[in-house]
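> The sequence isn't on hand, but the structure is:
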């Protein structure tokens with residue numbers, strides 16, 4: 001029995017752990033723990049997501065175990081390059097996304113150390129199997145895995161250090177739009193290109209040379225089995241980390257969201273011909289001169305608006321709107337969904353919950369306005385890139401001029417400006433003879449206290465959500481003031497995309513009726529009211545009727561005087577034949593009747 005045990009130990013490489021090895025493992029583990037703690041303590045902020053803590057702990061243990069194994073095996077020294085990845089990633093993010101606070105730094109470390117542990121284990125298995133056939137090719141997995149791992153942070157670092165500029169969505173767009181011939185020319189004529197080529201050549205030579213150092217005998221079978229098992233066990237986790245789009249790892253999100261954005265834009269552009277054909281079939285080249293404005297709010301709840309009976313006076317301007325001769329306050333408006341992307345893909349297009357068309361046959365309001373010779377502008381205080389934002393950006397790409405005041409990076413780093421920044425750009429856009437301007441607010445999207453300036457009404461000790469609504473109300477008052485002073489502006493519509501349950505949010509899987517209850521009002525200039533008095537009478541008559549915001553598309557066209565056949569008169573609130581009944585109104589893209597949604 002003893003002889004058999006010795007044979008098994010010798011065959012698989014397991015034996016008693018020498019004291020030196022135990023000391024080494026302990027020292028490595030202690031060093032990793034101290035570096036992690038020291039790095040996090042140096043980062044500003046005092047909050048770490050609880051779910052990130054177990055990831056950080058598990059990743060640190062895996063990282064320390066992999067590093068200890070690498071040092072104990074004394075072979076294939078090039079693989080030690082993996083263990084520099086956390087430092088390189090931290091350096092890159094500190095330069096490109098500063099400041100990196102503790103909230104993001106904890107996830108950054110967890111992600112980096114997990115990636116290192118998986119890559120080293122996968123390399124150890126693949127490299128040793130290759131070495132049995134061709135020893136000098138044992139460094140190939142290191143080149144492939146290491147190159148993939150370091151490509152993004154090293155590229156961003158090289159760009160930052162050589163140009164002095166941050167690597168942003170615009171940088172990625174420039175790279176994405178570069179032709180292969182241009183890239184080849186750039187690599188051999190610019191310092192950064194030549195530097196990266198030389199660095200790549202040096203790294204390749206170094207990897208192959210370092211992999212020839214150290215022990216030459218085959219690795220123990222037990223080591224291979226253990227590393228293979230760890231590789232397989234970690235694969236689902238590492239796959240989730242690399243393919244997920246959470247905003248905690250900004251380097252990865254910068255690329256994944258950008259590539260997703262380009263895919264969505266290209267897919268939308270591919271349908272241009274089909275949408276134009278639908279416009280030509282459904283629209284007469286018509287429309288009245290003037291400037292027409294659509295203002296889209298964000299997460300604005302009717303239940304938290306004093307114009308609709310809320311006890312706190314959050315919307316003093318909207319209260320006055322109800323009695324203003326040039327405004328119409330709509331009383332029973334609901335959102336067609338409770339998430340921005342789903343709402344705007346109906347609100348800004350001919351798609352609605354009540355009529356079906358062929359797939360891809362939903363022209364946007366910009367498609368129609370462009371066809372009718374209007375200048376079109378999309379002005380947004382949100383951002384174009386992201387899993388939930390790129391489809392909206394695709395719709396906005398139909399405008400002749402698209403202006404985005406923020407990027408996702410601005411929101412991640414808490415440097416996005418409140419919606420007041422829109423007022424700086426709006427006056428210049430309210431010029432021209434024939435124009436459509438769509439303005440997209442950040443409104444009351446969480447976190448609420450970030451949606452208004454720090455010094456806004458400091459005497460009011462209100463819940464931040466209510467204060468954000470008051471701030472939006474003040475901006476709407478200033479916008480309507482601009483419109484009243486500008487005779488070119490014929491009409492404007494304000495409507496929120498959806499509502500919000502403060503502290504809960506507006507997710508479809510947490511649906512509550514309050515999430516659909518939104519405010520809406522119309523501004524009708526004196527000129528328009530004189531020229532189209534019947535339209536004003538119809539809108540005032542229908543102001544108290546149930547309306548869903550997927551029908552705003554038709555409302556805007558009717559205000560602009562564009563003759564179209566997109567919707568039956570029974571679904572056009574500007575028509576005397578409007579007849580949407582409460583029991584017929586729906587939400588969640590038609591999946592849920594509003595009558596049932598509101599039932600207690």
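It's in. Since this is a predicted model, take the numbers as computed values, not measurements.
> looking at this, residue 498 is in a helix?
No - for residue 498, which was evaluated using DSSP: H, G, I helix; E, B strand; the rest coil, the result is coil, with no helix membership.
> In contact with it, which residues are there?
For residue 498, the set of contacting residues under the criterion of Cβ atoms under 8 Å, 6 or more residues apart in numbering consists of 299, 335, 337, 338, 339, 340, 343, 506, 515, 516, 518. The C-beta positions use only the backbone N, C-alpha and C, and glycine is treated the same way.
> got a markdown table for these, with secondary structure, distance to residue 571 and pLDDT too?
Rendered in a markdown table, the data for these read as follows (DSSP: H, G, I helix; E, B strand; the rest coil; distance: Cβ to Cβ, whole Å; pLDDT from 0 to 100):
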| residue | secondary structure | distance to residue 571 | pLDDT |
| --- | --- | --- | --- |
| 299 | coil | 26 | 94 |
| 335 | coil | 16 | 96 |
| 337 | coil | 17 | 91 |
| 338 | coil | 21 | 90 |
| 339 | coil | 23 | 84 |
| 340 | helix | 23 | 84 |
| 343 | helix | 17 | 90 |
| 506 | coil | 25 | 79 |
| 515 | helix | 23 | 94 |
| 516 | helix | 18 | 95 |
| 518 | strand | 18 | 96 |
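> Quick check: residue 521 vs residue 440, distance?
Using Cβ to Cβ, to the nearest Å, residue 521 is found at 17 Å from residue 440.
> Look at residue 287 and say how many residues are nearby.
Look at residue 287: counted by other Cβ atoms under 10 Å, it has 23 neighbours.
> Repeat that for the one 3 residues further on.
A total of 23 residues lie near residue 290 under the criterion other Cβ under 10 Å.
> With residue 90 instead?
Per other Cβ under 10 Å, the neighbour tally for residue 90 reads 18.
> what's the helix or strand hosting it packed up against?
Using DSSP states H and E, residue 90 sits within helix 85-96. Here helix 85-96 touches helix 102-133, helix 140-163, helix 250-270, going by 3 or more Cβ pairs under 8 Å, 6 or more residues apart in numbering; DSSP states H and E.
> Now it: buried residues?
Along helix 85-96, these residues count as buried under the neighbour rule (16 or more other Cβ atoms under 10 Å): 85, 86, 88, 89, 90, 92, 93, 95, 96.
> Next, the residue nearest to residue 29 when sequence neighbours are not counted: secondary structure please.
Taking Cβ to Cβ, 6 or more residues apart in numbering as the measure, residue 29 lies nearest to residue 64, with 4.3 Å between them; neighbours along the chain are not counted. Judged by three-state DSSP, the three-state class of residue 64 is helix.
> Could you report the neighbour count for residue 64?
For residue 64, the number of neighbouring residues by other Cβ under 10 Å comes to 22.
> That one contacts residue 28, correct?
Yes - applying Cβ atoms under 8 Å as the test, residue 64 and residue 28 come out as touching, 5.2 Å apart.
> if we can go back for a sec, with pLDDT and distance to residue 306 added, can I get the buried residues of helix 85-96 in JSON lines?
Rendered in JSON lines, the data for these read as follows (pLDDT from 0 to 100; distance: Cβ to Cβ, whole Å):
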{"residue": "85", "pLDDT": "91", "distance to residue 306": "54"}
{"residue": "86", "pLDDT": "92", "distance to residue 306": "52"}
{"residue": "88", "pLDDT": "90", "distance to residue 306": "54"}
{"residue": "89", "pLDDT": "89", "distance to residue 306": "49"}
{"residue": "90", "pLDDT": "89", "distance to residue 306": "48"}
{"residue": "92", "pLDDT": "87", "distance to residue 306": "49"}
{"residue": "93", "pLDDT": "85", "distance to residue 306": "44"}
{"residue": "95", "pLDDT": "85", "distance to residue 306": "47"}
{"residue": "96", "pLDDT": "82", "distance to residue 306": "44"}
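> can you redo those residues as JSON lines with distance to residue 278?
Conversion of these to JSON lines gives the following (distance: Cβ to Cβ, whole Å):
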{"residue": "85", "distance to residue 278": "50"}
{"residue": "86", "distance to residue 278": "52"}
{"residue": "88", "distance to residue 278": "51"}
{"residue": "89", "distance to residue 278": "47"}
{"residue": "90", "distance to residue 278": "51"}
{"residue": "92", "distance to residue 278": "46"}
{"residue": "93", "distance to residue 278": "45"}
{"residue": "95", "distance to residue 278": "48"}
{"residue": "96", "distance to residue 278": "43"}
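> Surely residue 519 is in contact with residue 304?
No - Residue 519 lies out of contact with residue 304 (Cβ under 8 Å); the separation is 9.5 Å.
> Residues touching stretch 446-455, excluding its own?
Contacts to stretch 446-455, defined as Cβ under 8 Å, 6+ apart, come from residues 299, 414, 416, 418-420, 442-445, 463-465, 467-468, 470-472, 500, 502, 505.
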